[in-house]
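Visitor: this one's structure only:
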Ligand code: GDP
């Protein structure tokens, strides 16, 4: 613990391995660690970054991360990769990614663990974020592939959420779901360089227009959320991204919104974990599993799902029949 709090990266890596472990004795140690870092009371700026494979997430994080470490900031990068749950391998865990950043003395990069379900990934990532804060990192970037529910999870554990997009070909807008746009604080159109510059400029304008149509959020100062062009390859726009993140964060700090959001998130994760724990405990019980199976079959054979659920809940509450 003292070495972790002193910022020792090997101690941090070992601590994260503990929170990723499924073993009960590791779990107990991980909870001790979590309490220890919570007592230390350190806060990093947590930045979420989402984007579909190929938009340039790792290129952007490497360039942006080096931009920050160049200013003397300590930067940690964690990844949430739901695909690793399915395949057992991890796209985000590829060792060749972010090679230069991984060699920077002020940076720490942790690939995604392979986990069996997204909920588990969320908890472990959240705990890893807290460990990075305890180790004194200034900025923690949580990267996620823009598929499925992983953005929603990541948005619930960060202070600022960035959405990375590639230039769209022709007039076609990319299939970015409204819900994801609503989560974004900054939309970054990457690859604004060379032949793609014109398309990137058009795409940025399209998204700037789309953002204006969204409902005003209470957590935004004037001018946010906004869309801008960046080039990870040429390092273009990185200083602007950092300046905007700081403006946004500074405003939210001043308004008390930063603390309020962290408190809301903490509560959300507390409730989420209780829910998951209850479910896990219930389904570990053989008679409960048998009853779920029996009622499940009855539903398939025509019993109303609501009636079956009511019966199941009645049973769980200690009722008979
Ligand atoms: P990820 O899958 O989202 O992490 O994307 P990568 O960072 O691996 O990048 C995917 C591809 O896009 C690679 O071939 C990169 O070289 C390329 N790329 C990334 N950023 C830029 C950029 O700013 N400009 C250009 N032209 N290509 C880029």
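Guide: Sure thing, it's come through. These figures come from a predicted structure and were not determined experimentally.

Visitor: Residue 140: which element?
Guide: Counting by DSSP states H and E, the element that carries residue 140 is strand 139-145.

Visitor: The ligand contacts on the stretch 1-150 of the chain?
Guide: 51, 53-59 (Cβ under 6 Å from any ligand atom). Backbone N, C-alpha and C define where each C-beta goes, glycine included.

Visitor: Residue 310: neighbouring residues, count only.
Guide: 11 (other Cβ atoms under 10 Å).

Visitor: separation between it and residue 295?
Guide: 10 Å (Cβ to Cβ, to the nearest Å).

Visitor: go on, residue 202?
Guide: 54 Å.

Visitor: Got the confidence number for residue 232?
Guide: Predicted confidence (pLDDT) for residue 232: 97.

Visitor: Could you check how far it is from the ligand?
Guide: 4 Å (Cβ to the nearest ligand atom, to the nearest Å).

Visitor: I'd like to check which residues are in contact with that residue.
Guide: Residue 232 is in contact with 56, 59-60, 62-64, 190-191, counting by Cβ atoms under 8 Å, 6 or more residues apart in numbering.

Visitor: One more: residue 80?
Guide: Per Cβ under 8 Å, 6+ apart, neighbours of residue 80: 92, 112, 121-122, 125, 142-145, 150, 153-154.

Visitor: Try it again at 6 Å.
Guide: 121, 125, 144, 150, 154 (Cβ atoms under 6 Å, 6 or more residues apart in numbering).

Visitor: Would you mind giving these as CSV with distance to residue 254 added?
Guide: Shown next, in CSV, are those (distance: Cβ to Cβ, whole Å):
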residue, distance to residue 254
121, 33
125, 28
144, 28
150, 31
154, 25
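
Visitor: Counting neighbours, which of those comes out on top?
Guide: That'd be residue 144 among the contacts of residue 80, by other Cβ under 10 Å, with 29 neighbours.

Visitor: From what I see, that one and residue 51 are in contact.
Guide: No: using Cβ atoms under 6 Å, residue 144 is not in contact with residue 51; the gap is 8.5 Å.

Visitor: Return every residue with contacts to both of these two.
Guide: What both residue 144 and residue 51 touch, as defined by Cβ under 6 Å, 6+ apart, is an empty set.

Visitor: all strands of the stretch 201-321 of the chain, in order?
Guide: 226-229 (DSSP state E, counting those that start in this stretch).

Visitor: which stretches of it have low pLDDT?
Guide: By pLDDT under 70, the weakly predicted segments of the stretch 201-321 of the chain are 320-321.

Visitor: quick one, phi/psi of residue 77?
Guide: Backbone torsions of residue 77, given as degrees, to the nearest 10, read phi -120, psi 120.
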